[in-house]
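*Asks:* Have a look; sequence and predicted model below, questions after that.
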Amino acid sequence: MAALTPAVAVAVIGAGTMGAGIAQVAAAAGHPVLLYDADAAAVAKAVERIAGSLARAVDKGRLSPDERDAALARIEPSHSLDAVAPAGLVIEAIVEDFEAKLRLLETLEIFVHADAVLASNTSSLSITALAARLKHPERVVGMHFFNPAPVMALVEVVRGLASAPEVVETVRATAEAWGKTAVVCRSTPGFVVNRIARPFYGEALRALAEGATDAPTIDAIMREAGGFRMGPFELIDLIGLDVNLAVSQSIHAAFFGDPRYTPSLLQREMVEAGRLGRKTGRGFYDHSPEAGSLAPKIAASAPPPRRITVEGDLGIAAPLLERWREGGIEINRRWGEGVIRIGDARLALTDGRGATLWSELLQAPVVLFDLAFDFARCPRIALAPAEQASKRDLAQAVGLMQAAGMAVSVLDDLPGMLVMRTVAMLANEAAEVVHTGVASAEAADQAMRLGVNYPQGPLAWAEAIGLGRVCDVLDHLARTYGEDRYRASWLLRRKALAKQTFHG
């Protein structure tokens, strides 16, 4: 089916930040918009917010003054639910509470036409369950926008068990007509983005709880080595620790306590202490006006080694060779297993085992380095020394990385380090989404790039690392921790064994 024509009225129920943003998107696309909230003052504030947003778009040259005025004129405040009866598409954007949303949808069924589409902007509640109590569950879909709705490109179109295929297609086509990228997925806890993103927070929280380093250093490594737009603790503080924890708890419960989604005790303790992030002035960071910014830990300057021996292929880390050559390091090459010799010490890319175990296996002091999104240009790298490594061994590794123009952050011996274990877990969760028919590989990768600004889709990233290596990382983490949390998806392992890709 085709997208709804601009002549079709769109109703938005809930005039908070998300509702106002959705109303703006629909009005800018040419639809008459009926905006309702139980609090009439919220509607007036939303219209003011939309006017300000459109004015900024004019200032930036994205809209003409006439287009701004026309969009604003299409938004009609509604003072009762029966006033939204003419709408062909109703999008609810009220509080994230199942019973509240259900009561609203049941009421809307009384007023709207039989062929009107009812869409929920829920970020994680079951569309199947919301629709089940309605007389016409086939017309209910999820239409999950991301905040801020006028800016973020992604919309998750969520099909419940009873959603009619033609309704899903109409909503998908309409979202695309509104300038969004629509990803269709099955209704499952967290849908695509919130589900796949759990390890981005969970692994950082675990590393902090284990004392690998502090929050500013973890954030800096994830940004400057991992290529993520924000570090996990910066993002949790922005979202709100309570909100982020609630999503984690909801998904964990919805999957019957699967250890992959186990929430953090550290995060729960901070929520109990009232440290909720920016909105309370204190979270993982102090956001009070007088507080200064916390700098990440950086290793002191160290002299680089004059020469190194590279044994075998460094794989995804191969661009480091050119950076070292440009830094004046003499490089000898010989056959081997991707290990770098610096004097008596060994330097290697983490594979999920701790550096101390590596040292035991190689009978030599080992320093591991973390994954980077782009080894050719990353401004920071993380190192983790084995217990057997001396200060001199670590200093040589630090000097080598500094010679390549990188700031170095040293972690405690954390298995899988930070970027590698996070990307492996993100890819594993994305593989499960594909394996269980929630979304395609292309949709999963696209959703994570557009919905949360990841530098690369997790499955494409896993392919760049090597699917076999990603499975090795997960297997080593599982053995190290003795937890089912790190079990590899069968689809990921199957692709690795067959040397196939998700996108081939």
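*Replies:* Looks like it came in fine.
*Asks:* which helix in this protein runs the most residues?
*Replies:* For the chain, the longest helix by residue count, based on DSSP state H, is helix 40-59.
*Asks:* could you say what helices and strands it packs with?
*Replies:* helix 17-28, strand 33-36, helix 65-73, strand 75-78 (3 or more C-beta pairs under 8 Å, 6 or more residues apart in numbering; DSSP states H and E). The C-beta positions use only the backbone N, C-alpha and C, and glycine is treated the same way.
*Asks:* how about the ones you listed, which one is nearest residue 420?
*Replies:* helix 17-28 (34.5 Å; C-beta to C-beta).
*Asks:* quick one: contacts of the closest one?
*Replies:* 10, 12-13, 15, 33, 35, 37, 46-47, 49-50, 53-54, 63, 67, 71-72, 74-75, 91, 93-94, 121, 145, 147-150, 178-180 (C-beta atoms under 8 Å, 6 or more residues apart in numbering).
*Asks:* Next, the buried residues of it.
*Replies:* 18, 19, 20, 21, 22, 23, 24, 25, 26, 27, 28 (16 or more other C-beta atoms under 10 Å).
*Asks:* returning to what we had before: can you flag the buried ones in the contacts of helix 17-28?
*Replies:* 10, 12-13, 15, 33, 35, 37, 46-47, 49-50, 53-54, 63, 71-72, 74-75, 91, 93-94, 121, 145, 149-150, 178, 180.
*Asks:* Check the gap between the residue lying closest to residue 302 once chain neighbours are set aside and residue 189 for me.
*Replies:* Computed as C-beta to C-beta, 6 or more residues apart in numbering, the closest residue to residue 302 that is not its neighbour in sequence is residue 399, at 3.8 Å. Shown here: residue 399 relative to residue 189, a distance of 47 Å by C-beta to C-beta, to the nearest Å.
*Asks:* What ranges does the stretch 301-450 of the chain have for its strands?
*Replies:* 307-311, 330-334, 339-342, 345-349, 366-369, 380-385, 407-410 (DSSP state E, counting those that start in this stretch).
*Asks:* Please work out which of the ones you listed is packed deepest.
*Replies:* Comparing the strands of the stretch 301-450 of the chain by mean neighbour count (mean count of other C-beta atoms under 10 Å), strand 366-369 comes out on top with a mean of 28.
*Asks:* and residue 157, which of the three is it?
*Replies:* strand (DSSP: H, G, I helix; E, B strand; the rest coil).
*Asks:* Verify the stated contact: residue 47 with residue 35.
*Replies:* Yes - assessed by C-beta atoms under 8 Å, residue 47 is found in contact with residue 35 at 7.3 Å.
*Asks:* residues shared between the contacts of the two?
*Replies:* 20, 75, 77.
*Asks:* Let me have these in JSON lines, extended by pLDDT.
*Replies:* Below are those laid out as JSON lines (pLDDT from 0 to 100):
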{"residue": "20", "pLDDT": "96"}
{"residue": "75", "pLDDT": "97"}
{"residue": "77", "pLDDT": "96"}
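*Asks:* Looking at those residues, which one is closest to residue 281?
*Replies:* residue 20 (25.3 Å).
*Asks:* if I look at the closest residue to that closest one other than its chain neighbours, how far off is residue 70?
*Replies:* Counting by C-beta to C-beta, 6+ apart, residue 20 lies nearest to residue 46, which is 3.9 Å off, once chain neighbours are set aside. Distance, residue 46 to residue 70, by C-beta to C-beta: 18 Å.
*Asks:* Show the contacting residues for residue 335.
*Replies:* 311, 312.
*Asks:* what do you get for residue 189?
*Replies:* Contacts of residue 189 by C-beta under 8 Å, 6+ apart are 124, 126, 195, 250, 251, 254, 255.
*Asks:* Now it: closest residue in space that isn't a chain neighbour?
*Replies:* Counting by C-beta to C-beta, 6+ apart, the residue nearest residue 189 is residue 254, at 3.5 Å.
*Asks:* can you check residue 396 too?
*Replies:* In space, residue 396 is closest to residue 342, 4.7 Å off (C-beta to C-beta, 6+ apart).
*Asks:* Test my guess that the one you found contacts residue 403.
*Replies:* No - the criterion here is C-beta under 8 Å, and residue 342 misses it with residue 403 at 11.4 Å.
*Asks:* What's the local residue count around the residue nearest to residue 259 when sequence neighbours are not counted?
*Replies:* In this structure, residue 259 finds its nearest non-sequential neighbour in residue 485, 4.3 Å apart by C-beta to C-beta, 6+ apart. Residues lying near residue 485 (other C-beta atoms under 10 Å) number 19.
*Asks:* Residue 485 belongs to a helix, doesn't it?
*Replies:* Yes - Residue 485: assigned to a helix according to three-state DSSP.
*Asks:* Spit out the contact partners of it.
*Replies:* 259, 260, 262, 478.
*Asks:* Over to residue 330?
*Replies:* 306, 307, 308.
*Asks:* Could you measure from residue 42 over to residue 127?
*Replies:* In terms of C-beta to C-beta, residue 42 sits 25 Å off from residue 127.
*Asks:* Show me which of the two is the more surrounded one.
*Replies:* residue 127 (27 against 17).
*Asks:* For the more buried one, report the pLDDT, please.
*Replies:* In the prediction, the pLDDT value recorded for residue 127 is 97.
*Asks:* got it, and residue 116?
*Replies:* Looking at residue 116, the pLDDT reads 96.
*Asks:* What about the residue nearest to it when sequence neighbours are not counted, how many residues nearby?
*Replies:* Leaving aside its sequence neighbours, residue 116 sits nearest to residue 88 (C-beta to C-beta, 6+ apart; 5.5 Å). Counted with other C-beta under 10 Å, the neighbours of residue 88 add up to 19.
*Asks:* hang on, the earlier thing: mind listing what the residue nearest to residue 302 touches?
*Replies:* 301, 302, 303, 304, 305.
*Asks:* give me the number of residues near the third one?
*Replies:* As a burial measure, the neighbour count of residue 303 was computed by other C-beta under 10 Å and equals 12.
*Asks:* Please list all residues in contact with it.
*Replies:* Counted by C-beta under 8 Å, 6+ apart, residue 303 has contacts 395, 399.
*Asks:* Can you tell me how far it is from residue 323?
*Replies:* Distance from residue 303 to residue 323, by C-beta to C-beta: 17 Å.
*Asks:* now do the first one
*Replies:* Noted for residue 301: a distance of 17 Å to residue 323, by C-beta to C-beta.
*Asks:* which one of these two has more residues nearby?
*Replies:* For residue 301 versus residue 323, the count of surrounding residues by other C-beta under 10 Å is larger for residue 323: 19 against 11.
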